[in-house]
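> Here is my input; please provide its structure:
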Amino acid sequence: MYLKRIELHGFKSFADKVNIEFQPGITGIVGPNGCGKSNVADAVRWVLGEQSVKSLRGSSMSDVIFAGSEDRRAQNLAEVTLVFDNTDRYMKYDYNEVEITRRLYRQNNEAEYLINRQQCRLKDIVDLIMDTGLGRDSLSIISQGNISSFADSKPEERRGIFEEAAGVSKYKKRKLESIRKLERTTENLDRIGDIVVELEKQVGPLKRQKEKAEKFLALKEKLTSIEVNVLINEISEAKKSLDEFSVIIKDLNERQVSLETDIHLKENSNDEIKKKMFTLDQEINALQTKLLEAVSNVSKLETAKVEIDQKRKHALETLSKENLQESIANMKAILADVVSEYNDRVERLETTEKELNELVEKQDQRNKNLNDLKDEIENLNNEINKNKSRKEILVDVVENKSNYNNGIKTVLSLSKNNKNIIGILGDLINAKEGYELAVSSSLAGAIEFIVTEDDLTARETIKFLRANKAGRATFLPINTMKPRSVRQEHLMVSKTMEGYLGVASDFVEFDEKIANVVLNQLGNIIVAKDIDCANEISKATFERYKVVSLDGDIVNVGGSLTGGSFNRHKSSLLQKKELEEVTALLEKQEKEYVNKRNQHSALDNEIKEVSHTLLQKQMAYAKLEVVVQAKREELIKAKSEYEALADQSVELEDFASGKTENKLIDQLNEAIKYRDDLTEEIKSKRELRMSYVNQNESLEVELRQYRKDLKEIQSEINTSAINATKLETMLNNHLMRLNDEYQMTYEYALEHYHENIDVEQAKLDVYELRTKISRLGNVNIDAIEEYKKISERYENMNRQRIDLMQAQDSILEAIKEMDEI
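I've put the predicted structure just below:
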């Protein structure tokens, strides 16, 4: 083996790449001062592992890199390669040539080591050359001035030099290394022995804790199975009852619609009958007026017959031509007055008839408006009753906390006497308009977590719940809650995305006192417009944050999605919002109800007043009609008398012959017949009116019964709706408990846990299992995993101890062999 070639690039004075070839037999480098002899020797020692900056004649390791000159810039890399001929395999490396390279970078001061251009460690190079006599302190490399120092050295120092040259030093070095290894192995054995002893102390107690934890988990699993089955049973029963209530409510609604239709038809029929009665009353009044006229006419005709007999005698005795002309002139003047007065009465009658028709039309419209208003009042009253029922349920849920589990209720009762228990998180915040679903979905089960002043209060309360078997609750101590947020770079990216609305904590109002709690729960949740925008924002932020849409859909951390229809009864924020809306709606509806009742009363009074006015107008019309009829008869009479005077002479002849008397008898007979016909017609119409009265009374009785039945049905609907709502609230509470306590859906539980059980026996089993769990006391669930880890470590330590003992024996054997050499 010999040094075949040195390749230098950027090392000290060798700025450019330089190859120095060596042939067999060359043992040194000579030359004038400053030609670079020492730099070549430094390069060889540097490659062979020299780490001392002083030995390399510098102040720092980077000084070996060419620093530049007036006409050359500095290099950023120093690289030296030693190429050895190894055809005799003196180096224990199966190659004919062995290249050893070392590099150093100026920028980061990092070094690289290579053997045959393959990266390696400095130790690998040192081990490779150890048996060859090479090395950074080896006598194979003698710098200028070292010969005189050898000659002047002490005997002990010369012995070291001879041993180095003879190869004895490498055995001493190896022995020293073996002794150090033996010391480290002994120390490791002692340390592992201590660890094994300590682990033996832990294994026993941990094993007992593990067995206790396994028993606890087995009981807990059995308890969970029974409780889930009980919940499944109760949920199934609730669903079945809800379906039955749905059928009942549907049937009642159909009956309500049918009754309302019947009532509407009956009211329409009753209104028609009342109109017919009103028309009949008018007709009867007119017929009675005509009957009075007919009776009067019969009486007049009878009187006229007597008078005609007397007139005939008188006329025959006293009438003359001159008297006749004077009577005609007088009658003509009387006729003119009667015609004028008749026309005036007819005009007044037409005006009154027009006013009467207008009043009837207005009255019909008012009756229609009154019926419409009555329907509106009934419908509004039904809505008010429904909303009152809903409000009672919401008040019970929101203010009385009826839908919370026993643990939360117990803590709330304790908060009355403990100011450090602040309240439920959902009650301490208010979501801004339009963001209720997003905030509720963001918080999920945390909306029912209890906020406390400090963790001490939380721990004491948990101990109280456990001691009194009063359920479970989750606490948010203000003093331990750390705000969470979206990283600034992710926030900047999110703001540029379509549909970005903000961070969930921006959309709630809260007391500054609980700011850390709110920011801990909502500060790192992003709100987006919809599920598509939420998905894009999640991808843009590498799925590191929960992103919630306004509809309550969620893109979870890691990219999973949660969404669908949202159960409004499940969120206290939405229930609180709904209570406010229902309360406001009730106030509005009650004001509207009072207003409509006032309108109804006013319209009813107006109808009564108009009815009175209408009756007066009808009476006035009837009287005026009698007057007009009388005037008509007076006019007819006047015309007759006027015409009669003209024919006086003829009448005189008729009187003499008896024709006038016969004519009057015919008129009298006709008048009597007309009177009898009128009497019969009035009788017939009165009988018809009485039948209408009976129909009206019958319809009124039916309407009262229908309205009573309708009221009862509405009451049943309200009662059923309240019961259904309570049942739905109970169902939602069970579903929430199934989700919160057991992290499963009803469908999953039904598929994996459902068994036919006796519910009462199951409840007894639950009590018995809880008693057994309680008797176990404090259980360290982590003991199972801890025992596994400690056992594995214990076994591993034992194996290491055996390995170290074997290694110790091997080292002692190696030292013995080296001592023999």
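> mind listing the helices for the stretch 251-400 of the chain?
In the stretch 251-400 of the chain, the helices defined using DSSP state H, counting those that start in this stretch lie at 321-398.
> got the residue ranges for the strands in the stretch 551-700 of the chain?
554-555, 561-562 (DSSP state E, counting those that start in this stretch).
> Same list, those strands, but as CSV with mean neighbour count and mean pLDDT please.
Using the backbone N, CA and C atoms, a C-beta is placed for each residue, glycine as well. Formatted as CSV, the strands of the stretch 551-700 of the chain follow (neighbours: other Cβ atoms under 10 Å; pLDDT from 0 to 100):
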stretch, mean neighbour count, mean pLDDT
strand 554-555, 24, 93
strand 561-562, 14, 90
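> can you put those strands in TSV and add distance to residue 113?
As requested, these are exported to TSV (distance: least, Cβ to Cβ, whole Å):
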stretch	distance to residue 113
strand 554-555	50
strand 561-562	52
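> Tell me which of those sits nearest to residue 34.
Nearest of these to residue 34, taken as Cβ to Cβ: strand 554-555 at 73.3 Å.
> Alpha carbons of stretch 261-270, in CSV - could you do that?
Provided in CSV are the C-alpha atoms of stretch 261-270 (Å, rounded to 0.1, in the frame of the first residue of the first chain):
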residue,chain,number,x,y,z
THR,A,261,-117.0,23.2,6.4
ASP,A,262,-120.3,22.0,7.9
ILE,A,263,-120.5,25.2,10.1
HIS,A,264,-119.8,27.4,7.1
LEU,A,265,-122.5,25.6,5.0
LYS,A,266,-125.0,25.8,7.9
GLU,A,267,-124.3,29.5,8.4
ASN,A,268,-124.8,30.1,4.7
SER,A,269,-128.1,28.2,4.8
ASN,A,270,-129.2,30.1,7.9
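> Name the residues of it that are buried.
263, 266, 267, 270 (16 or more other Cβ atoms under 10 Å).
> what residues does that stretch touch?
Applying Cβ atoms under 8 Å, 6 or more residues apart in numbering, the external contacts of stretch 261-270 come out as 371, 696, 699, 700, 702, 703, 706, 707, 710.
> Let's test this: mean pLDDT of that stretch, rounded?
Averaging pLDDT along stretch 261-270 gives 87.
> now that stretch: how far from the chain's centre is it?
Distance of stretch 261-270 from the chain centroid (Cα atoms, centre = their mean, to the nearest Å) equals 46 Å.
> now stretch 370-390
Using Cα atoms, centre = their mean, the offset of stretch 370-390 from its chain centre is 31 Å.
> For that stretch, which outside residues touch it?
Residues contacting stretch 370-390 (Cβ under 8 Å, 6+ apart): 267, 582, 585-586, 589-590, 592-593, 596-597, 599-600, 603-604, 607, 714, 718, 721-722, 725.
> now do stretch 1-18
In contact with stretch 1-18 (Cβ under 8 Å, 6+ apart) are residues 19-22, 24, 36, 39-40, 42-44, 46, 64-66, 69, 72, 75-86, 88, 90-91, 97, 132.
> Pull out the buried positions in it.
Neighbour-count burial for stretch 1-18 flags 3, 4, 6, 7, 8, 9, 10, 11, 12, 14, 15 (criterion: 16+ other Cβ under 10 Å).
> so what's residue 486 closest to, chain neighbours aside?
Sequence neighbours aside, residue 524 is the residue nearest to residue 486 in space, at 5.5 Å (criterion: Cβ to Cβ, 6 or more residues apart in numbering).
> Quickly note the distance from that neighbour to residue 506.
To residue 506, residue 524 is 12 Å away according to Cβ to Cβ, to the nearest Å.
> okay, these two: which has more neighbours?
Neighbours were counted for residue 524 and for residue 506 using other Cβ atoms under 10 Å; residue 524 has more, 20 against 12.
> contacting residues around that one?
Counting by Cβ under 8 Å, 6+ apart, residue 524 touches 484, 485, 486, 503, 545, 546.
> For the fifth one, the count of nearby residues, please.
Put plainly, it is residue 545. Look at residue 545: counted by other Cβ under 10 Å, it has 23 neighbours.
> distance between stretch 65-81 and the chain's centre?
Centroid displacement of stretch 65-81 relative to its chain, using Cα atoms, centre = their mean, is 69 Å.
> Can you give me the first-to-last residue distance of that stretch?
Stretch 65-81 has an end-to-end distance of 15 Å (Cα to Cα, to the nearest Å).
> Now it: buried residues?
65, 66, 75, 78, 79, 80, 81.
> quick one, what contacts residue 369?
Counting by Cβ under 8 Å, 6+ apart, residue 369 has contacts residue 603.
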